[in-house]
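Q: my questions concern the predicted model and sequence given below.
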Amino acid sequence: MDTAQASHASGRPTAPKSSPADTMTKRVLMYLLIIVALLGIATLVLKVFLVHPTSQDIKTNEYQALFLTNGQVYFGKLTRTDNNYVELTDIFYLQTQAAQPAAGANSASTQQSLSLAKLGNELHGPEDAMFVAKDQVLFWENLKDSGKVVQAIKAYQASNK
């Protein structure tokens, strides 16, 4: 029995033989489909993992905390971001001060206190604007008016009018 008779005897039709051009077309379409799928996955990964906040995400009527890669935190108003820098104005930062032990207390137990310092009062006299490279920024947060930092900023501003 030849192949044609064998396929009819088993009840299954035989597929016609495809030409080399059809095989090449199917391969090209398959490769294009794979490339499109990979590009789609790459785009999704970039959007999920590399999305950076933009100027539209900043609540300009509130203060922000800007956390840097060196551990420093600045508080102020983020006024803009671009591809390379963020700009912070009306800047404050935390300053650590060693408090003197009380009389009669153990002199080995010095305590540290935190205070909020206004940028611009340093020896080098910087202006009240800072441009920070984006790769130095870990993240930033919008601060509530009811938080202690914003309350301290407002108290400082009220006493320096």
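A: Perfect, I can see it now.

Q: and Tyr93, its phi and psi?
A: Torsion angles at Tyr93 (phi, psi; degrees, to the nearest 10) stand at phi -150, psi 160.

Q: the helices in the protein, which residues?
A: 3-10, 20-49, 148-159 (DSSP state H).

Q: domain boundaries for this protein, per the record?
A: In terms of domains, the chain is parsed into 3-49, 55-100+111-159 (source: automatic domain parsing).

Q: mean confidence score for the shortest one?
A: Spelled out, it's domain 3-49. For domain 3-49, mean pLDDT is 71.

Q: can you show me the CA trace of stretch 141-158 as PDB?
A: Extracted C-alpha coordinates of stretch 141-158, given in PDB (Å, rounded to 0.1, in the frame of the first residue of the first chain):
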ATOM      1  CA  GLU A 141       7.700  61.900  49.900                       C
ATOM      2  CA  ASN A 142       5.000  64.500  50.200                       C
ATOM      3  CA  LEU A 143       4.700  65.600  53.800                       C
ATOM      4  CA  LYS A 144       1.500  66.300  55.700                       C
ATOM      5  CA  ASP A 145       0.900  69.700  57.300                       C
ATOM      6  CA  SER A 146       0.200  67.900  60.600                       C
ATOM      7  CA  GLY A 147       3.700  66.300  60.700                       C
ATOM      8  CA  LYS A 148       6.300  67.500  63.100                       C
ATOM      9  CA  VAL A 149       8.700  68.600  60.400                       C
ATOM     10  CA  VAL A 150       6.200  70.800  58.600                       C
ATOM     11  CA  GLN A 151       5.000  72.200  62.000                       C
ATOM     12  CA  ALA A 152       8.600  73.100  62.800                       C
ATOM     13  CA  ILE A 153       9.100  74.700  59.400                       C
ATOM     14  CA  LYS A 154       6.000  76.800  59.900                       C
ATOM     15  CA  ALA A 155       7.100  77.800  63.400                       C
ATOM     16  CA  TYR A 156      10.500  78.900  62.000                       C
ATOM     17  CA  GLN A 157       8.900  80.900  59.200                       C
ATOM     18  CA  ALA A 158       6.500  82.600  61.700                       C
END
